[in-house]
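# Sequence and predicted structure are below.
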Amino acid sequence: MHSNIIIIPMMVALLIPFYEAYRDDNVWQKLLAFSSIACKTALITLVASVLRDDWMIGVVGVLILSVGNAGLMLLAHIVKRVNEA
Amino acid sequence: MIGHLILRLTLWFLLTSDFSLANITIGVAVALLLPRSYTSPEVWEDWLKALWKVVAVIPTAYMEAFEMILHPHHHEEIVMERVHPRRTPGLVFLDVFLITFTPKTIAIKHHKYGWYKVHRLHKGDDSCTRT
Amino acid sequence: MTENITSFVGYAFIALGIFLWFWGTSFLPRKRSLLFKLHTLSVSDILGSIAIIIGLLVKLPSEWPLLILAIFSLAIWNTILGYVLAYCSSAGVDHE
Amino acid sequence: MSNGSFYIDAIALLLPLSAAMVVTQANPYYSLITRGILGAVAALIYTLLGAADVALTEALVGTLLAIALYAVAVRSSLVMRLGVLQDEVPKNAATSTPDHAGEGTGNRTDDEAIAHPFNQLLTELRTLFNQYHLRVELVPYDNPQLLHQALLQKDIHATCVHASIAAAPYQLTTRVRRLYEILQAGLSPDLIQLNHVTVSDAAASHYQPSDIGSVLVGEEKS
């Protein structure tokens, strides 16, 4: 299994939105970086589960994928309401 | 009604991938017990057409992605796009999905009677000089 | 022989997906409008991720139910998230 | 995990990094978003280390629930409730209270509405409190008695009424010392006249309309 060959580039790609979340001072840009990080971490989880042949981790990865997005939508709506008021 | 049941059971079996009697019982029970909202009966033809569109949009999305990679798209514009006016929320959802799934267009707002506010990228003039 | 070919195809899909990840995410730290970044992020986070999952599916078909479910939830949730972010961020800008 | 796990060590470094980002953010909303990032990274590390149950708990409770609860808490606590009299407020200023938010915002571009002194004051207040991440929320009352009672019962943080004798057009009374200091530093005295009243806890809980005089322990004029 050459799992490192796949996972290490994915982790390097994960660093880009991390830098953006640290640097940018706009709420929406930060939220965008967060959405990118949420998607990428869930995908790394999924890849790791498949490479290790571990079903339970895979289920957790899929759940994190959907839960993270649901939380993001909630947050986006709250930020929108705050900006309006 | 039956569509809801099929969708929930599909999700359940994909998640567990276990066809023992106990698991099937649990899945059917949960699918029946979860609350559902009443929706007006949708036209099957529309649904089939929409499903076909979902399948057809995947290659289009990849094509657009490669166009964006090969020729930089610098110009952004907001256009109003008219989609076939259908009222059911499920089909509105599908329209929004189809517009947003392709990387060059993002639906921003849905107005009544099938109008969508769409943000679109297109090739800039300066990209011609670069290639 | 066929094992080699499927393995290669799987790696090719994964490499394509990772390339799309890097390409789409590389626009994130630049000074562009939010909607432009949403376009490029939809390339990386939806299409790139789907390509990676398809690559895994080709390489290791034993976990197909989970991966199919992952593709569904990825496509639907991320697309709708893009719409919600675009809608919410533009609602504060213009009131019309 | 057969072929080494050094990449897990590398990714584990992101955890203290994002945690440091959470605590160093001044803006509460930025810190909420960063909390989400921390949750995502934590869930990733837990799964890579093999703890699927912990990761699921982190994602569901630590990220989703915590963000939802904190967002509601931040939104409802970082607010200055400003009590005003119903008939002193121009109509279109009242539309920006939260009950009517989302509708009628187009009225604000009206020139006449902007020129109204109360709206000018409100804009000044909003820009001042934005630096402290506070929202200003208008709470209209029918008559001065109700307004005063609300201040004493700690329903609102400050009242704003027309000044009868002073040089400034409006008189703002607050019961919070910190708000008084911020307002004194940030607003010019010819725009508004500031008062500070001390409301004791006992008085707020056992308030009787007859003993207003005993409740006002100390009143200062600026």
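In hand now; what should we look at? Here the structure is a predicted model, which is why all the values come from computation and not from measurement.

# Can you pull up the most central residue in chain A?
A:Ala38 (1.4 Å; C-alpha atoms, centre = their mean).

# in what helix or strand does it lie?
Secondary structure from DSSP states H and E places A:Ala38 in helix A:27-52.

# Provide the angle between the direction of the helix or strand just after that helix and the direction of helix A:27-52.
Per DSSP H and E, helix A:27-52 leads on to helix A:55-84 as the next helix or strand towards the C-terminus. Angle, helix A:55-84 to helix A:27-52, by axes from the mean of the first three to the mean of the last three C-alpha atoms, to 10 degrees: 180 degrees.

# re the thing from before, does any part of the helix holding A:Ala38 sit near chain B?
No. Helix A:27-52 stays clear of chain B (C-beta under 8 Å from any C-beta of the partner chain), getting no nearer than 12.5 Å. Where C-beta positions appear, they are placed from N, C-alpha and C, glycine not excepted.

# anything in that helix sitting right up against chain C?
Yes. Judged by C-beta under 8 Å from any C-beta, helix A:27-52 and chain C are in contact via A:28-29, A:31-33, A:35-36, A:39-40, A:43, A:46-47, A:49-51.

# Report the residue spans of chain D with pLDDT below the cut-off.
Residues of chain D that meet the criterion pLDDT under 70 lie in D:1-5, D:90-115, D:164-167, D:201-222.

# What ranges does it have for its helices?
Along chain D, counting by DSSP state H, helices occupy D:6-12, D:14-24, D:28-48, D:52-57, D:66-77, D:91-94, D:111-115, D:117-130, D:144-152, D:177-186, D:201-205, D:212-215.

# what ranges of chain B fall below the confidence cut-off?
Ranges of chain B meeting pLDDT under 70: B:1, B:36-44, B:85-87, B:114, B:124-131.

# What residues does it have near chain A?
So far as C-beta under 8 Å from any C-beta goes, chain B lies against chain A at B:Leu15, B:Ser17.

# Can you name the residue of chain B nearest chain A?
B:Leu15 (6.3 Å; C-beta to the nearest C-beta).

# same for the helix holding A:Ala38, what does it pack against?
With contacts taken as 3 or more C-beta pairs under 8 Å, 6 or more residues apart in numbering or on different chains; DSSP states H and E, helix A:27-52 sits against helix A:3-23, helix A:55-84, helix C:34-41, helix C:49-59, helix C:64-91, helix D:28-48.

# Give the rounded mean pLDDT of it.
Average pLDDT, helix A:27-52: 89.

# about what we covered before: apart from its neighbours in sequence, what residue is nearest the residue nearest to the centre of chain A?
A:Gly68 (3.8 Å; C-beta to C-beta, 6 or more residues apart in numbering or on different chains).

# That neighbour touches A:Ala42, doesn't it?
Yes. Using C-beta atoms under 8 Å, A:Gly68 makes contact with A:Ala42 at a distance of 6.3 Å.

# who has more neighbours, those two?
Neighbours per residue, other C-beta atoms under 10 Å in any protein chain shown: of A:Gly68 and A:Ala42, the larger number sits with A:Ala42, 29 against 25.

# which non-adjacent residue is nearest that one?
Using C-beta to C-beta, 6+ apart and skipping residues adjacent in sequence, the residue nearest A:Ala42 is A:Leu65, 4.0 Å away.

# got the residues of chain B near chain D?
Counting by C-beta under 8 Å from any C-beta, no residue of chain B sits close to chain D.

# Break chain B into its domains for me.
B:2-33, B:44-130 (automatic domain parsing).

# Just give me how far the first one sits from the chain centre.
Centroid separation for domain B:2-33 versus its chain: 23 Å, with C-alpha atoms, centre = their mean, to the nearest Å.

# same thing with the longest one?
Centroid displacement of domain B:44-130 relative to its chain, using C-alpha atoms, centre = their mean, is 10 Å.

# Appreciated, that's everything.
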